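Peer 1: Quick one, what's the 3D model for this:
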Amino acid sequence: MFKPLEGVKVIDLTYFVAGPGAARILADWGADVIKVEPAFGDPGRGTGATMSCPIEKDCNPFYTAYNANKRGLSLNLKTEEGKAVLDKLLETADVFVSSYRTGALKRLGLDYDTLSKKFPHLIWAQINGFGDFGPAKDNAGFDTVAFWARSGAMIDLTEKDTSPINPLIGFGDATTSCSLSGGICAALYRKAKTGMGCKVMISLFAQAIWSESAGMVSTQYGDEYPKTRKNPGSPVMDTFKSSDDKWFYMSILEPDRYNNALFKELGREDLVDHPDYSTAAASKAHSAELVEILSAEFAKHTMDEIAAMFARADIAYDRVQHIKEVLDDPQALENMYIVPVENNDGTVTKQPMTPIRFCLTEPTCIEDIAPNVDRQAPKIGEHSVEILKEYGYSDEQIEKLLADKVVTVTE
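Peer 2: Residues are numbered from 1 along each chain as shown. Now for the predicted structure:
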């Protein structure tokens, strides 16, 4: 795959998922991303254990998902020597990205005001929980809290009159990382024109609000959440079950155009041009009734039969899959959205790939735009010596930094 960010240098001072995910995207796009960690490492190295994943030194697939294609440097930033090493990296870096809280960055002298004065060329990017202002600006903000709970997604995206969603860890983080990587690229465009850096900001809360933008608007005009599939906003945009117990989602955005075709496929000629069901306005007014009718009709047919109906009527639909099923989804595999990746211990994990692909000519096969996992997530300080040598440190200087525990190396 063509990598448009080759030559861009990124210093990655992030932890857990959202910040690392943004830097992973930049690395996949060709940037040289140096992951900077303390000697004890990014606490995200242990997060996989909460999801039944191995977290061994040579097999940490959850951590690799957000940190592949990076190099690792371990620095003690509480020492002046460690800060001096980071400063040397920032002198020629294009981007500094962090998910540390602003207070911690100020204590380390890594806040935007300080670094922009020292390195005016530097793009300074930060991801936090709730934004830079307001009463919650300094609160801890994981995606489960800032993206899911506070935004309303945790309660309003579930079936009505049930408990809140138990959200998938990292879902909001990964979404936010995509936006942050895009913002950084906009800043790189400005830097290419002017030579100057800028501050790029995003919060998990802001991302959730934007992700819910349709509901943020519609609820001001009478739309209500949570909804129930038994009485949705549109009866032809809903989940149904086939006779062989397979759930699917039907999405008819133009009821006036497609409802009659659906009724004909189901053998319900009596519903064609029915004043209560054949138009968008009428079917919405009788939503619960039509859902009940359609549920009974779909329950008479297998999923294969229903798929054939939808194909003939050109109606958008798809099976409702479990995450585990997607790992073997032929569409995901053929597009290399999921790729088997060998862990350092020789085992293999099917890894999700970051979603954007680039090319210079029209691709003729997936290999033309295939994503690359050139390296697993770095071990703590795995490339410390390599990186220090690149930045002009002598063997003697490196030995002293190691002896003084300013720099850590993991074999």
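
Peer 1: What is the end-to-end distance of stretch 239-256?
Peer 2: 20 Å (CA to CA, to the nearest Å).

Peer 1: Might one say that residue 160 is in contact with residue 232?
Peer 2: No: with contact defined as CB atoms under 8 Å, residue 160 does not count as touching residue 232 (10.0 Å). From N, CA and C alone the C-beta is placed, and that goes for glycine too.

Peer 1: so where do the strands sit in the stretch 251-400 of the chain?
Peer 2: Assigned by DSSP state E, counting those that start in this stretch, the stretch 251-400 of the chain shows strands spanning 316-319, 338-342, 348-352.

Peer 1: Same question for the second one: list its buried residues.
Peer 2: Judged by neighbour count (16 or more other CB atoms under 10 Å), strand 338-342 contains these buried residues: 338-339, 341.

Peer 1: Counting by contacts, list what it packs against.
Peer 2: On a contact count with 3 or more CB pairs under 8 Å, 6 or more residues apart in numbering; DSSP states H and E, strand 338-342 meets strand 348-352.

Peer 1: Not counting its own residues, what contacts the strand it packs on?
Peer 2: 61, 64-65, 68, 327, 337-343, 373 (CB atoms under 8 Å, 6 or more residues apart in numbering).

Peer 1: Counting neighbours, show which residues of it come out buried.
Peer 2: Buried-residue list, strand 348-352, by 16+ other CB under 10 Å: 349, 351.

Peer 1: Show me what it pairs with in its sheet, parallel or antiparallel.
Peer 2: Counting by DSSP bridges, the strands paired with strand 348-352 are strand 338-342 (antiparallel).

Peer 1: hmm, who's touching the strand it pairs with?
Peer 2: 61, 64, 68, 326-327, 329, 332, 348-353, 371, 373, 376.

Peer 1: for that strand, the distance to its chain's centre please.
Peer 2: A distance of 18 Å separates the centroid of the chain from that of strand 338-342, by CA atoms, centre = their mean, to the nearest Å.

Peer 1: quick check: mean pLDDT across it?
Peer 2: Strand 338-342 shows a mean pLDDT of 97.

Peer 1: repeat for stretch 353-373
Peer 2: Stretch 353-373 comes out at a mean pLDDT of 96.

Peer 1: That stretch spans what distance, first to last residue?
Peer 2: 9 Å.

Peer 1: For that stretch, which residues meet the burial criterion?
Peer 2: For stretch 353-373, the neighbour count (16+ other CB under 10 Å) marks 353-354, 357, 369, 371, 373 as buried.

Peer 1: Which parts of the protein belong to which domain?
Peer 2: Using automatic domain parsing, the domain parsing of the chain gives 9-211+333-408, 237-320.

Peer 1: pLDDT wise, what is residue 332 at?
Peer 2: So residue 332 comes in at 98 (pLDDT).

Peer 1: Not counting sequence-adjacent ones, nearest residue to it?
Peer 2: Distance criterion CB to CB, 6 or more residues apart in numbering; nearest residue to residue 332, sequence neighbours excluded, is residue 338 at 4.8 Å.

Peer 1: Many thanks, I have nothing further to ask.
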